[in-house]
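1. give me a 3D structure for the following:
(one chain, ligands or ions: 1)
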Amino acid sequence: MTSLAERAAELRALLHRYGHEYYVLDAPSVPDAEYDRLFRELDALETAHPELKTADTPTQRVGGKTLPEFAQVRHDVPMLSIRTETDSGPGGAANFDAKVRRDLGLAADAPAIAYAAELKFDGLAISLRYEAGILVRAATRGDGETGEDVTQNIRTIGQIPLRLAGVAAPVLEVRGEVYMRRDDFDALNARQRERGEKTFVNPRNAAAGAVRQLDPRIAAQRPLSFFAYGLGQVEGWALPGSHSAMLDALVTMGIPVCTDRAIAEGAAGLVAFHTAIAAKRDSLPFDIDGVVYKVDDRALQAQLGFVSREPRWAVAHKYPAQEMLTTVESIDVQV
Ligand code: NAD
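-> You can find the predicted model right below:
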């Protein structure tokens, strides 16, 4: 038991360090696959031996702390994490569907569940707050409860409307991912090389570093894009009955939503989506690290609810890791 406790402490220390480098400094020193491997090991240890769980264990927390250089923003509706399905093959989709059906108490012959299947964009989560249809604030996820005010930098992203089309609800928080397209990333790195400046490790790192810049003029020079995938606080707007209808409504307001999404029926539909996206992953104009499945019906989502830091109605289904464990060089830690 002592050695298990020691291993758990060792994993917590490593994950704290890597999490800080990734979430706070935008400067990871190990590939995501390595972080995910250690996270799964700790999660399995804690599941088998719940007494090893500590209050500050990374498996129960979201993201990282905010930087003191930014004003703090309290998220009235927390920005959560998503559980990652451990089986990256077709079995992962079936596991999730079986778990949802079990949690809902469905009989074996009950009809298939409809899922909203989406891409898992590899960028930085942002909450956009519109009041009376006007963008008033943009914040990072931070630790899920408190994020950083990055409004000035987000205003420089041309794709994000400063005013919503046709909606003037008192409060509408749109949540999504700021990311950098691969061609924009290559062009940015070419420019950096020409000027003899530091290049960026990957598009995610470049996007996160740009959003968390203290100087909006520098952020404005970094080509960023945005896709919405959810909502936070909403007042005075009638929520559609399903996740997919909500995304359709956002499109009509002028908010960018990725068109690579589908309604998948049951486990078979999820497997088909996962396979189709795997085949086109390399030709997408931006990086993804997997797909996300969400129970589409909002009433069913409410029935399923949440467990600690994640909803029971959603799962991330990643593709087998492509990254090797190499030293990450040339990082942008400017904030
Ligand atoms: P997560 O795995 O908890 O997933 C939730 C996040 O997914 C959201 O906040 C959002 O930003 C994003 N997302 C993308 N597409 C989405 C969609 N369609 N719907 C909903 N959310 C979507 O996110 P996380 O905690 O930020 O972790 C992401 C990954 O970061 C981890 O799996 C890990 O691989 C990596 N990470 C790496 C290191 C490292 O040292 N290399 C350290 C920490 C985390």
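
2. my read is E177 is in a strand, agree?
-> Yes: using DSSP: H, G, I helix; E, B strand; the rest coil, the assignment for E177 is a strand.

3. tally of neighbours for it?
-> Neighbour count for E177, taken as other Cβ atoms under 10 Å: 23. Every residue, glycine included, has its C-beta placed from N, CA and C.

4. how about the contacts made by it?
-> Counting by Cβ atoms under 8 Å, 6 or more residues apart in numbering, E177 touches F121, G123, L124, A125, I126, F226, F227, Y229.

5. which one of these is nearest to V62?
-> Distance to V62 across these (Cβ to Cβ) is lowest for A125, with 9.6 Å.

6. for the closest one, helix, strand, or coil?
-> Under three-state DSSP, the three-state class of A125 is strand.

7. picking up where we left off before, which among the contacts of E177 count as buried?
-> In the contacts of E177, burial by neighbour count holds for F121, G123, L124, A125, I126, F226, F227, Y229, counting by 16 or more other Cβ atoms under 10 Å.

8. is the last one in contact with K120, as I believe?
-> No: using Cβ atoms under 8 Å, Y229 and K120 do not qualify as a contacting pair, with a distance of 9.2 Å.

9. rewinding a little: for the contacts of E177, give me a markdown table that also has pLDDT.
-> A markdown table is the format used below for these (pLDDT from 0 to 100):
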| residue | pLDDT |
| --- | --- |
| F121 | 98 |
| G123 | 96 |
| L124 | 96 |
| A125 | 97 |
| I126 | 98 |
| F226 | 98 |
| F227 | 98 |
| Y229 | 98 |
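
10. export the residues you listed as JSON lines, with columns for distance to the ligand.
-> Output for the contacts of E177, formatted as JSON lines (distance: Cβ to the nearest ligand atom, whole Å):
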{"residue": "F121", "distance to the ligand": "4"}
{"residue": "G123", "distance to the ligand": "7"}
{"residue": "L124", "distance to the ligand": "7"}
{"residue": "A125", "distance to the ligand": "3"}
{"residue": "I126", "distance to the ligand": "8"}
{"residue": "F226", "distance to the ligand": "12"}
{"residue": "F227", "distance to the ligand": "8"}
{"residue": "Y229", "distance to the ligand": "4"}
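
11. what's the most distant pair in the residues you listed?
-> L124 and Y229 (12.8 Å).

12. spatially nearest residue to the residue nearest to the spatial centre of the chain (excluding sequence neighbours)?
-> Ranked by distance to the mean C-alpha position of the chain (Cα atoms, centre = their mean), the top residue is A125 at 5.5 Å. With sequence-adjacent residues excluded and distances taken as Cβ to Cβ, 6 or more residues apart in numbering, A125 is closest to R141, at 4.2 Å.

13. now swap in E41 and tell me
-> L11 (6.0 Å).

14. which helices and strands does the host helix or strand of that neighbour pack with?
-> Taking DSSP states H and E as the criterion, L11 maps to helix 2-19. Contacts defined by 3 or more Cβ pairs under 8 Å, 6 or more residues apart in numbering; DSSP states H and E place helix 2-19 against helix 32-48.

15. okay, buried residues for the helix or strand following the helix it packs on please.
-> Using DSSP H and E, the helix or strand that follows helix 32-48 in sequence is strand 72-74. Residues of strand 72-74 classed as buried by neighbour count (16+ other Cβ under 10 Å): V73.

16. contacts for the next helix or strand after strand 72-74 next, please.
-> Using DSSP H and E, the helix or strand that directly follows strand 72-74 along the chain is helix 90-103. With contacts defined as Cβ under 8 Å, 6+ apart, helix 90-103 is touched by 85-87, 110, 113, 115, 266-267, 270-271, 274-275, 293, 295, 304, 312-313, 315, 317.

17. thinking again about what came up before, which residues are in contact with each of Y229 and K120?
-> V292.

18. what does the stretch 51-200 of the chain put close to the ligand?
-> G63, S81, I82, T84, E118, K120, F121, A125, R141, E177 (Cβ under 6 Å from any ligand atom).

19. will you turn these into TSV that also has distance to A94?
-> Output for these, formatted as TSV (distance: Cβ to Cβ, whole Å):
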residue	distance to A94
G63	29
S81	22
I82	18
T84	16
E118	19
K120	19
F121	24
A125	28
R141	30
E177	27
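
20. nearest to D289, of the residues you listed?
-> Checking these one by one against D289 (Cβ to Cβ), the nearest turns out to be K120, at 5.5 Å.

21. where does that closest one sit, in terms of helix or strand?
-> strand 114-121.

22. only C-alpha atoms, please: export the helix holding L11 in CSV.
-> C-alpha atoms of helix 2-19 as CSV (Å, rounded to 0.1, in the frame of the first residue of the first chain):
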residue,chain,number,x,y,z
THR,A,2,2.8,2.4,0.8
SER,A,3,4.3,2.0,-2.6
LEU,A,4,0.9,2.6,-4.2
ALA,A,5,0.5,5.7,-2.1
GLU,A,6,4.0,6.8,-3.2
ARG,A,7,3.2,6.2,-6.8
ALA,A,8,0.0,8.2,-6.5
ALA,A,9,1.9,11.1,-4.9
GLU,A,10,4.5,10.9,-7.7
LEU,A,11,1.8,11.0,-10.4
ARG,A,12,0.1,13.9,-8.7
ALA,A,13,3.3,15.9,-8.6
LEU,A,14,4.1,15.1,-12.2
LEU,A,15,0.5,16.0,-13.4
HIS,A,16,0.6,19.2,-11.3
ARG,A,17,3.8,20.2,-13.0
TYR,A,18,2.8,19.3,-16.5
GLY,A,19,-0.7,20.9,-16.0
